[in-house]
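Participant: test case, fold it:
(2 chains)
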Amino acid sequence: GAGVSQSPSNKVTEKGKDVELRCDPISGHTALYWYRQSLGQGLEFLIYFQGNSAPDKSGLPSDRFSAERTGGSVSTLTIQRTQQEDSAVYLCASSLSRDRGFNEQFFGPGTRLTVL
Amino acid sequence: AQRVTQPEKLLSVFKGAPVELKCNYSYSGSPELFWYVQYSRQRLQLLLRHISRESIKGFTADLNKGETSFHLKKPFAQEEDSAMYYCALSGRGSGAGSYQLTFGKGTKLSVIP
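Facilitator: This is a model prediction of the structure:
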């Protein structure tokens, strides 16, 4: 079946502009995660959704970052007034939601954001 | 707080040589540990998890709670093993049931023909 998809695959923007990154999770996956992959920093957790609600926003680096999820499916990560340090690959993952135990996260191909 | 440390940014080995990618963790509880792999121009994918105690593509990893380690091993490296390897820990995030993954910074494995 189709995996996690993300769009756009690449985004180049100017400092100060707003950007929106989209994630389509695997159908039936109720949990959705956003991560940021920066050069030399590895993968950094940003936010988690269970259905349409976000019980864990602990990783958002500043109030310029926000995310929403509608219909328990598509999610959008918005970065306002982009800065050069926002340049990174933004990864989305989805999983079946379980109260306990292992829930394999399936990753999308990522969106490479470059802020000039 | 949970933390994953991968001390080596780059590991180069010859084909046929043994491989060990190191991973140490810090977590106050019973963690779930994973190894993820990212081949060139491919998406991040799960390689193996400690609870299944399985061998995938010849790789194994044993959770050592005493040493808080989860090293990834393979007895004979192959060229197709060249990739970026991430150790990850799953534990409860700040929201109930979040189970976010905390990743190490990754080790790039290069297998020399």
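
Participant: tell me which helix or strand of chain B sits lowest on mean pLDDT?
Facilitator: Across the helices and strands of chain B, mean confidence by mean pLDDT, DSSP states H and E is lowest for strand B:101-103: a mean of 88.

Participant: what helices or strands is that one leaning on?
Facilitator: strand A:31-38, strand A:42-50, strand B:3-5, strand B:83-90 (3 or more Cβ pairs under 8 Å, 6 or more residues apart in numbering or on different chains; DSSP states H and E). From N, CA and C alone the C-beta is placed, and that goes for glycine too.

Participant: isn't A:V74 up against A:R22?
Facilitator: Yes. Between A:V74 and A:R22 there is a contact under Cβ atoms under 8 Å: 6.6 Å.

Participant: picking that back up, which neighbours does the least confident helix or strand of chain B have in its sheet, and in what orientation?
Facilitator: strand B:83-90 (antiparallel) (DSSP bridges).

Participant: still on that earlier bit, give me the contacts around the least confident helix or strand of chain B.
Facilitator: Contacts of strand B:101-103 from elsewhere in the structure, counted by Cβ atoms under 8 Å, 6 or more residues apart in numbering or on different chains, are A:33, A:35, A:42-45, A:93, A:105, B:2-4, B:34, B:36, B:86-91.

Participant: where does chain A have low pLDDT?
Facilitator: By pLDDT under 70, the low-scoring segments of chain A are A:1, A:98-102.

Participant: which residues of it lie near chain B?
Facilitator: A:3, A:31, A:33, A:35, A:40-45, A:48, A:50, A:54-56, A:58-59, A:91, A:93, A:97, A:99, A:101-105, A:107-110 (Cβ under 8 Å from any Cβ of the partner chain).

Participant: in ChimeraX, how would I select the buried members of those residues?
Facilitator: Per 16 or more other Cβ atoms under 10 Å in any protein chain shown, the buried members of the residues of chain A next to chain B correspond to this ChimeraX selection:
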select /A:31,33,35,42,43,44,45,48,50,54,55,56,59,91,93,97,102,103,105,107,108,109,110
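
Participant: center of chain A - which residue?
Facilitator: Closest residue to the average C-alpha location of chain A: A:W34 at 3.0 Å, with Cα atoms, centre = their mean.

Participant: for that one, which non-adjacent residue is closest in space?
Facilitator: Closest residue to A:W34 apart from its sequence neighbours, by Cβ to Cβ, 6 or more residues apart in numbering or on different chains: A:L46 at 4.2 Å.

Participant: contacts only, for that neighbour.
Facilitator: A:Y33, A:W34, A:Y35, A:R36, A:G59, A:L60, A:P61, A:F65, A:A67, A:L77, A:Y90.

Participant: and for B:V4?
Facilitator: Counting by Cβ under 8 Å, 6+ apart, B:V4 has contacts B:C23, B:N24, B:Y25, B:S26, B:C87, B:A88, B:L89, B:T102, B:F103, B:G104.
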